[in-house]
Structures are given as structure tokens and as C-alpha cells.
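Asker: sequence? don't have it. structure:
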């Protein structure tokens, strides 16, 4: 340990981990040190660059609070969230694919009955969403608990509004006996991720935009099945091929169908155009 140089430093750090009592932690830390040191050597990292990286992470910590998680944004925009998601959610091909959770999930959202208007005043064109949850054999999954959340037409989630009195475009509901579900919300629109902090500066510096294509989030839990965290994306969106968080999967792209004023899906007369979205989900059973 008294003769450390650029060639011996890596093995010295790895050796210091030999007494780690947790095998998995020791493996993770060893690999992290090896790759981090290799990166420094490969790019011939300068002291100023390393200090700038430390400042960047410090700024990310300072801007993070109970409504803003800058480290999730960083993970998302570097593709790490999507990589970890895909590594840990390999499913049979016929199952609905998983994508990133995102930073705006809120546990214990209000529970609504099927058919309810979950927008609760969120701005946007009315949209009726319906579909079914099934297993790989096509059998209905009754009583599945669905978390649903999305932004309003201005591209903001309810938790980003300081003046919103309660949840909007955010709900939980259970599938019916036939696995079906249906609710009213608003049309999803493309929006930029929060880019007024260090992650936004990183995007600007690297010539990237902050936009996500229009989508609705779904998290589905059912006894005996693997949890599904996914999003349904609006077809023909400008940003489908350049999603800032790399979350798009072709199987999750669907059509939002526009309808003229008239009778809405719930039987009421509506004087403005509205949309419908139909999408079915297929869950994977937990191996017995």
C-alpha cells in the first residue's frame, strides 16, 4: 500500500474489499472499481474533469427532493434504467413488455371504479381507455390491481403542479371478472422531462433533447403473476424514435382513435371531439 501508482491502484482498492462479508456486494464493488478505473485510464481523465463530475453529482443531490428525483432522471437519460429493467424482466415473447417506471410514480393512488373519470380536472382532450388483462393462455385475470398515471395536455404530472389540490390523471382500479377495465382520462401528449437542473445541462452539452413521446403509465399487480411495469405510447408521435429515456418498445405503441362530437363510450353526449384507446395486457405467471 506504500507504493501506489497508476498501475497498482486498482488492485490495491480491490484487495481492500477482501474482508467484505457480503459476497454480492464485494462482487459489485470489485467490478465497479475495475470499470471506473479503466474508464479513467482510457480517456486519460483530468483532475478538472473529475472535479466537474463530482460537482455534477453534488448538484443532482441538492436539487433532489420528495417531488424531484434527479438521480432517476440521470439513470433514465443514460439508458441505465432501461438496461436494468430489461435485464430483470425477461418474459415469454407473448407477454406485454416492460419499460421504465419513471420518476412520477406515487404509491397508494386513489382507488376508482371502472368507468370513472380519473382525470379529476386534468387539462386535456377527453379520452376513454379500455382493454383486458389476460394470462399467456388467454384466460382473464380478474381482480388485478392497476396503477395508472399520466401527464396533462401541458406535459405536467399532478405532482409537478403546486396548486393542484389532489391527484389528477392518476388512479388505481381493479379488473372485472372478464379481466376487463375501462376509464376516462385525457389524451396523452409528448412532454420534456425536467431539464432545469444538472441532467438538463448534460443533455444540452451533449446535443440531446429532453422530450418523451406521449404515453400512459401502467403498473399491474395480480396474485400469482409477475408485476408488470409498462407504458403505452401514442403512435405517430414525433419522439418515438428519440425518446430521451430510451423507453419505447414497438409492441407498446398503440393508436389513439379520434372521434367527432356525439355519443361517448359511456353513453353521454359530448360536444367536442374525443379519443379512445384500446390496449390489452398479458401477464406472466410466477413459476410454481
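Answerer: In hand now; what should we look at? None of the values given here were measured: they were computed from a predicted structure. Numbers count the residues shown, from 1 in each chain.
Asker: which one's the longest helix in the chain?
Answerer: Criterion DSSP state H: the longest helix present in the chain is helix 23-43.
Asker: which other helices and strands does it contact?
Answerer: Counting contacts by 3 or more CB pairs under 8 Å, 6 or more residues apart in numbering; DSSP states H and E, helix 23-43 packs against helix 9-16. Bear in mind the C-beta positions are built from the backbone N, C-alpha and C, glycine included.
Asker: quick one: the helix it packs on to chain centroid distance?
Answerer: Put simply, helix 9-16 sits 36 Å off its chain's centre (CA atoms, centre = their mean, to the nearest Å).
Asker: which residue packs closest to residue 76, ignoring adjacent ones?
Answerer: What sits nearest to residue 76 in space, not counting adjacent residues and going by CB to CB, 6 or more residues apart in numbering, is residue 245, at 3.8 Å.
Asker: how about the helices of the stretch 1-150 of the chain, start to end?
Answerer: Secondary structure of the stretch 1-150 of the chain, counting by DSSP state H, counting those that start in this stretch: helices at 9-16, 23-43, 47-63, 70-77, 80-87.
Asker: what sits up against stretch 232-245?
Answerer: 76-77, 79, 81-82, 100, 102, 188, 190, 192-193, 203, 208-216, 218, 248, 252-256, 277, 279 (CB atoms under 8 Å, 6 or more residues apart in numbering).
Asker: among those, which are in strands?
Answerer: 192, 211-212, 215-216, 218, 253-254, 256, 277 (DSSP state E).
Asker: which of the residues you listed are buried? Put it as a ChimeraX command.
Answerer: Remark: buried members of the ones in strands among the contacts of stretch 232-245, expressed as a ChimeraX selection using 16 or more other CB atoms under 10 Å:
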select :211,212,215,216,218,253,254,256,277
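Asker: of the ones in strands among the contacts of stretch 232-245, closest to residue 111?
Answerer: Distance to residue 111, by CB to CB, is smallest for residue 218 among the ones in strands among the contacts of stretch 232-245, at 15.3 Å.
Asker: for the closest one, give me its contacts.
Answerer: Neighbour list for residue 218: 146-148, 228-232, 281 [criterion: CB under 8 Å, 6+ apart].
Asker: that one pairs with what?
Answerer: Under DSSP bridges, the beta-bridge partners of residue 218 are residue 148, residue 230.
Asker: just residue 274 next, same as before
Answerer: residue 259.
Asker: so residue 278 sits right up against residue 127, yeah?
Answerer: No. With contact defined as CB atoms under 8 Å, residue 278 does not reach residue 127; the gap is 11.3 Å.
Asker: which of those two has more neighbours?
Answerer: residue 127 (23 against 14; other CB atoms under 10 Å).
Asker: coming back round to it: turn the contacts of residue 218 into a markdown table, including distance to residue 137 and neighbour count.
Answerer: Listed next are the contacts of residue 218 as a markdown table, based on distance: CB to CB, whole Å; neighbours: other CB atoms under 10 Å:
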| residue | distance to residue 137 | neighbour count |
| --- | --- | --- |
| 146 | 20 | 21 |
| 147 | 25 | 19 |
| 148 | 25 | 21 |
| 228 | 17 | 24 |
| 229 | 22 | 18 |
| 230 | 20 | 25 |
| 231 | 25 | 25 |
| 232 | 23 | 22 |
| 281 | 14 | 21 |
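Asker: out of those, which one sits closest to residue 28?
Answerer: residue 229 (23.0 Å).
Asker: what pairs with the helix or strand bottoming out on mean pLDDT in the chain, parallel or antiparallel?
Answerer: Least confident helix or strand of the chain, by mean pLDDT, DSSP states H and E, is strand 269-270 with a mean of 92. In the sheet, strand 269-270 lines up against strand 262-263 (antiparallel) (DSSP bridges).
Asker: contacting residues around the strand it pairs with?
Answerer: 269-270.
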